[in-house]
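Asker: sharing a model that was predicted from the sequence below.
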Amino acid sequence: MSMLHDHLQIENLLKQSNIHRQLTVPQLVETALNRHEGTLTSDGAFRAVTGDYTGRSPKDRFIVDEDSITNEIDWGAVNQPIPPDIFDRLEQKVMAYLAEQPAVFYRKAFAGADSRWRLPVDIINEYAWHQLFAHQLFLRPEEIEGEAALDPFTILSAPGFKADPERDGTRSEAFVIISFEKRTILIGGTAYAGEMKKAIFSIMNYLLPSMDVLPMHCSANADKDGNTALFFGLSGTGKTTLSATDDRMLIGDDEHGWSKDGVFNFEGGCYAKCIGLHPDKEPEIFHAVRFGTVLENVKLKENRTPDYESASLTENTRAAYPLTAVPSAKLPSTAGHPEVILFLTADATGVLPPISRLNRSQAMYHFLSGYTSKLAGTERGVTEPQPVFSPCFGAPFLPRDPSIYAKMLGEKIDQHEAEVYLVNTGWTGGAYGTGSRMDLRFTRAMVRAAINGDLKHTSSITDAAFGLEIPATCPNVPPEVLQPRLMWDNISEYEAAASALADKFHANFTRFKNVTSEILRGGPVL
Ligand SMILES: Nc1ncnc2c1ncn2[C@@H]1O[C@H](COP(=O)(O)OP(=O)(O)O)[C@@H](O)[C@H]1O
Ligand SMILES: C=C(OP(=O)(O)O)C(=O)O
Ligand SMILES: [Mn+2]
């Protein structure tokens, strides 16, 4: 490393002759191909392979422990502290590393469709395809109006720079470190593109609550009259899949804010899982794979058509495309106050009903619990569904205490009289291994019925273990599918599994101190 680059500042780095600024999509694709960063597929998409890191690496993600934020961060396994001097040294090294690369890519982009809460993001990438990803996922300068209200953050991403844990103070060669005071995100050692967007999401999750906007790990869509639905869910539960449908306008597939005026997307694109992608089942996503789209870790056949069935590189194969690639997208991606809120959960025990209506207590209880499963691939080391309680259905991205977000959601639900449903997109007829994943067509029919109001006045059956109100009928869904106990071959096995899951809910909830009795009433009745 040359001494010349000691104490390099970001502004100086950006003045170097190796910097390519604001390249267009064709320039980025061409450059990435020339640099052998990936291949062109038969549909004109750009396919990249990331190597070792094919999902997020939560154990390598840190927040710099700085005076101005230390009392506001919910420190722990999700938000791991790292000292400022370690960050400073590593930042110098990463900048020196980038300064020595033959080419580095820079662009200005934005997060937040509503300018009042918009964050400018300066993105500096070692790889042209990462810059293409950033172009597609964040908002582009040419498609926004108004001055961004927030001060910018910078992403410095150098996947080829591997940290030395002994010397650099990281846990491994990979690191994702957020400094709120320096307004910088430092990424190295991993080429998984999702780290960039989820780091910006984490920053929005820190910044917005104090501005009276609720940041949410959810997708959103709306009908022509602006009636809005939100789909909360941890990775793989169906946010992207279920929000993309030809009868509603897509607002966004993953990250939104809810302000006093309605909902707005943070992003300018989608990041869809594409394992098993099929044009009949998920046409909007399938047809978004075209020139400009980034396919990440998708296996290609000999003739360069994507093999969506193959998980040989990872289960967590991805397509990154702009909202403009989705015909039903609403631009700019803002919408009214939600009327219907769906909590998506992928229950690997096969116990939770595929859809149930939640009263206020249950809505709060289930939002705080955030019960679901981590599905294979999105996080390093997860290879089969792993039951998890992830508060607010997004714990990995919440710098603050979950109760802050939950309180805001409760107030907004009350104010706007939103209806809340719990939707199990996971297993039925038995646990993972014996049962099967809920049929996507049925889930779509249930979601549609909930949004149309068809489930409001149907008679219902109260679930014996969880006290959840299960509609007795739903258009286009066989009635037995709605009742988990009827789907299991052996009722006593079902009952044992239900009671075991209820116990897990109770045990998990002890982590929340000072919750009201109203919220506690929303828990399992067993
Ligand atoms: N019943 C179901 N509901 C939703 N998704 C399902 C269902 N069954 C299978 N899937 C698959 O699960 C995955 C859901 O992933 P995705 O929508 O990308 O989740 P998220 O956006 O929440 O991370 C998709 O690959 C989809 O095809
Ligand atoms: C990209 C991710 O999330 P999602 O599956 O929700 O899009 C992720 O968790 O890394
Ligand atoms: Mn998604």
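Answerer: Perfect, I can see it now. Numbers count the residues shown, from 1 in each chain. Ligands and ions are numbered 1, 2, ... in the order given.
Asker: ranges for the strands of the stretch 151-300 of the chain?
Answerer: 153-158, 175-179, 184-188, 214-216, 218-222, 228-232, 249-252, 256-259, 262-265, 269-273, 294-296, 299-300 (DSSP state E, counting those that start in this stretch).
Asker: nearest to ligand 3, out of those strands?
Answerer: Comparison of the strands of the stretch 151-300 of the chain against ligand 3 by C-beta to the ion identifies strand 269-273 as nearest, at 5.9 Å. Where you see a C-beta, it was placed from the backbone N, CA and C, and this is true even at glycine.
Asker: mind putting the strands of the stretch 151-300 of the chain in TSV, mean neighbour count included?
Answerer: Formatted as TSV, the strands of the stretch 151-300 of the chain follow (neighbours: other C-beta atoms under 10 Å):
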stretch	mean neighbour count
strand 153-158	24
strand 175-179	25
strand 184-188	24
strand 214-216	27
strand 218-222	27
strand 228-232	27
strand 249-252	26
strand 256-259	25
strand 262-265	25
strand 269-273	26
strand 294-296	27
strand 299-300	17
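Asker: residue of this protein closest to ligand 3, please.
Answerer: For the chain, C-beta to the ion, closest residue to ligand 3: Thr240, 3.5 Å.
Asker: model confidence for that residue, exactly?
Answerer: Thr240 carries a pLDDT score of 98 in this model.
Asker: quick check: it touching Gly252?
Answerer: No - Thr240 is not in contact with Gly252 according to C-beta atoms under 8 Å; the separation is 9.6 Å.
Asker: overlap of the contact sets of these two?
Answerer: Ser219, Cys270 (C-beta atoms under 8 Å, 6 or more residues apart in numbering).
Asker: still on that earlier bit, could you find the closest non-adjacent residue to the residue of the chain closest to ligand 3?
Answerer: If the residues on either side of it in the chain are set aside, Thr240 comes closest to Asp253, at 4.2 Å by C-beta to C-beta, 6 or more residues apart in numbering.
Asker: that neighbour and Phe266 touch, don't they?
Answerer: No - between Asp253 and Phe266 there is no contact under C-beta under 8 Å: 10.8 Å.
Asker: now the phi/psi pair for Lys412, please.
Answerer: Phi and psi for Lys412, reported as degrees, to the nearest 10, are phi -70, psi -40.
Asker: that one - nearest residue in space that isn't next to it in sequence?
Answerer: Closest to Lys412 by C-beta to C-beta, 6+ apart is Trp258, at 5.9 Å.
Asker: residues contacting the one you found?
Answerer: Val213, Leu214, Met216, His337, Pro338, Lys412.
Asker: I'd like to know how far it sits from Gly522.
Answerer: Trp258 sits 21 Å away from Gly522, taking C-beta to C-beta, to the nearest Å as the criterion.
Asker: same thing with Leu358?
Answerer: From Leu358 to Gly522 the distance is 7 Å (C-beta to C-beta).
Asker: list residues touching both of these two?
Answerer: Between them, Leu358 and Gly522 share the contacting residues His366, judged by C-beta under 8 Å, 6+ apart.
Asker: pLDDT below threshold where in this protein?
Answerer: 1-7 (pLDDT under 70).
Asker: got the residue ranges for the helices in it?
Answerer: 10-15, 25-34, 84-99, 128-137, 165-168, 194-207, 239-243, 283-287, 360-369, 402-416, 440-452, 484-487, 491-509, 517-520 (DSSP state H).
Asker: mean neighbour count and distance to ligand 1 for those helices - can I get that in TSV?
Answerer: TSV is the format used below for the helices of the chain (neighbours: other C-beta atoms under 10 Å; distance: least, C-beta to the nearest ligand atom, whole Å):
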stretch	mean neighbour count	distance to ligand 1
helix 10-15	13	32
helix 25-34	17	23
helix 84-99	19	29
helix 128-137	27	13
helix 165-168	12	30
helix 194-207	23	10
helix 239-243	26	3
helix 283-287	18	8
helix 360-369	23	16
helix 402-416	17	18
helix 440-452	20	4
helix 484-487	19	14
helix 491-509	16	19
helix 517-520	14	25
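Asker: touching stretch 391-405 from outside, list them.
Answerer: Contacts of stretch 391-405 (C-beta under 8 Å, 6+ apart): 56, 58, 61, 63, 72-74, 78-79, 198, 201-202, 205-206, 209, 214-218, 232-234, 237, 343-345, 367-370, 372, 379, 390, 406, 409, 512, 515.
Asker: could you do stretch 408-421 as well?
Answerer: 209, 214, 216, 258, 337-343, 355-358, 360, 362-364, 367, 392, 450, 455-456.
Asker: how distant is that stretch from the center of its chain?
Answerer: In terms of C-alpha atoms, centre = their mean, to the nearest Å, the centre of stretch 408-421 is set 22 Å apart from its chain centre.
Asker: just the CA coordinates for that stretch, please, in CSV.
Answerer: Taking C-alpha atoms only, stretch 408-421 is exported to CSV below (Å, rounded to 0.1, in the frame of the first residue of the first chain):
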residue,chain,number,x,y,z
MET,A,408,-45.4,3.8,16.2
LEU,A,409,-47.1,1.0,14.2
GLY,A,410,-49.8,0.6,16.9
GLU,A,411,-50.5,4.3,16.8
LYS,A,412,-50.8,4.3,13.1
ILE,A,413,-53.0,1.3,13.0
ASP,A,414,-55.3,2.9,15.4
GLN,A,415,-55.4,6.2,13.7
HIS,A,416,-56.1,4.8,10.2
GLU,A,417,-58.1,1.8,11.4
ALA,A,418,-56.0,-0.6,9.3
GLU,A,419,-57.0,-4.3,9.4
VAL,A,420,-54.2,-6.7,10.2
TYR,A,421,-53.9,-10.3,9.1
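Asker: determine the number of other residues adjacent to the residue nearest to Thr425 when sequence neighbours are not counted.
Answerer: Nearest non-adjacent residue to Thr425, counting by C-beta to C-beta, 6+ apart: Gly238, 4.5 Å away. Neighbour count for Gly238, taken as other C-beta atoms under 10 Å: 23.
Asker: shouldn't Pro136 be in contact with Arg318?
Answerer: No Pro there; residue 136 is Gln. No - using C-beta under 8 Å, Gln136 is not in contact with Arg318, being 11.4 Å away.
Asker: so which bits of the stretch 201-350 of the chain are right by ligand 3?
Answerer: Lys239, Thr240, Asp254 (C-beta under 5 Å from the ion).
Asker: which one of those residues sits closest to ligand 2?
Answerer: In terms of C-beta to the nearest ligand atom, no member of those lies closer to ligand 2 than Asp254, at 5.0 Å.
Asker: the closest one reaches Pro215, doesn't it?
Answerer: No - in this structure Asp254 lies outside contact range of Pro215 using C-beta under 8 Å: 11.5 Å.
Asker: from Pro354, how far off is the closest residue to ligand 2 within the chain?
Answerer: Relative to ligand 2, the nearest point of the chain is Ser235 (3.2 Å; C-beta to the nearest ligand atom). To Pro354, Ser235 is 20 Å away according to C-beta to C-beta.
Asker: give the contact list for Cys218.
Answerer: Leu230, Phe231, Phe232, Gly233, Lys239, Asp254, Glu255, His256, Phe393.
Asker: the last one and Ser235: what is the separation?
Answerer: Right, Phe393. Phe393 is 10 Å from Ser235, by C-beta to C-beta.
Asker: more neighbours, those two?
Answerer: More crowded of Phe393 and Ser235, by other C-beta under 10 Å: Ser235, with 27 against 24.
Asker: which one is the more buried one nearest to, not counting chain neighbours?
Answerer: Per C-beta to C-beta, 6+ apart, closest to Ser235 is Thr378, 4.0 Å.
Asker: my read: that neighbour touches Arg56, true?
Answerer: Yes - with contact defined as C-beta under 8 Å, Thr378 counts as touching Arg56 (6.4 Å).
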